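1. The following comprises the amino acid sequence and a computationally predicted model.
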Amino acid sequence: MMLCCLRPLHLPFRKAEMEVIRSELLDRENIQKFWDEKMNAEKTRGLEVEKVYLVALSDLEKEKIIQEKNFAEI
């Protein structure tokens, strides 16, 4: 019988506790989404930097070939 009397008092506490947990999970989800977006942006930026690097490397290789040909003609 005593459990019956405690149950109504316990229910609001449990509901509040559930709301806190729910809020924490939503916050965690938002934080995860934020970092996922940041990681995707960094991956995209990394790919762009790599493309620029490869173009510059190719340009330097071409310039080296031109310089070697010019040096050989001298």
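-> Looks like it came in fine.

2. how near is Val49 to Glu29?
-> 30 Å (CB to CB, to the nearest Å). Glycine gets a C-beta too; all of them are placed from N, C-alpha and C.

3. Quick check, pLDDT for the most centrally placed residue in the chain.
-> Central residue of the chain (CA atoms, centre = their mean): Met39, 2.2 Å from the mean position. pLDDT, the model's per-residue confidence, is 95 for Met39.

4. What of Cys4?
-> In this model, Cys4 carries a pLDDT of 50.

5. do Ile31 as well
-> Ile31 is given a pLDDT of 85.

6. for Ile65, same thing?
-> Confidence score, pLDDT, at Ile65: 96.

7. tally of neighbours for it?
-> 10 (other CB atoms under 10 Å).

8. One more: the one 5 residues further on?
-> A count of nearby residues for Asn70, using other CB under 10 Å, gives 9.

9. ok, now Leu26?
-> Leu26 has 10 nearby residues by other CB under 10 Å.

10. Just the element for it, please.
-> helix 2-73 (DSSP states H and E).

11. how far does that helix sit from the chain's center?
-> 0 Å (CA atoms, centre = their mean, to the nearest Å).

12. so where's the protein uncertain?
-> 1-11 (pLDDT under 70).

13. cutoff 80 now
-> The chain contains residues with pLDDT under 80 at 1-13, 74.

14. Convert stretch 21-32 to CSV, retaining C-alpha atoms only.
-> In CSV, the C-alpha atoms belonging to stretch 21-32 read as follows (Å, rounded to 0.1, in the frame of the first residue of the first chain):
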residue,chain,number,x,y,z
ILE,A,21,18.0,13.1,-20.2
ARG,A,22,16.0,13.9,-23.4
SER,A,23,17.5,17.4,-23.4
GLU,A,24,21.0,16.1,-22.9
LEU,A,25,20.6,13.6,-25.8
LEU,A,26,19.3,16.4,-28.0
ASP,A,27,22.2,18.6,-27.1
ARG,A,28,24.6,15.7,-27.7
GLU,A,29,23.0,15.2,-31.1
ASN,A,30,23.4,18.9,-31.9
ILE,A,31,27.0,18.8,-30.9
GLN,A,32,27.6,15.7,-33.0
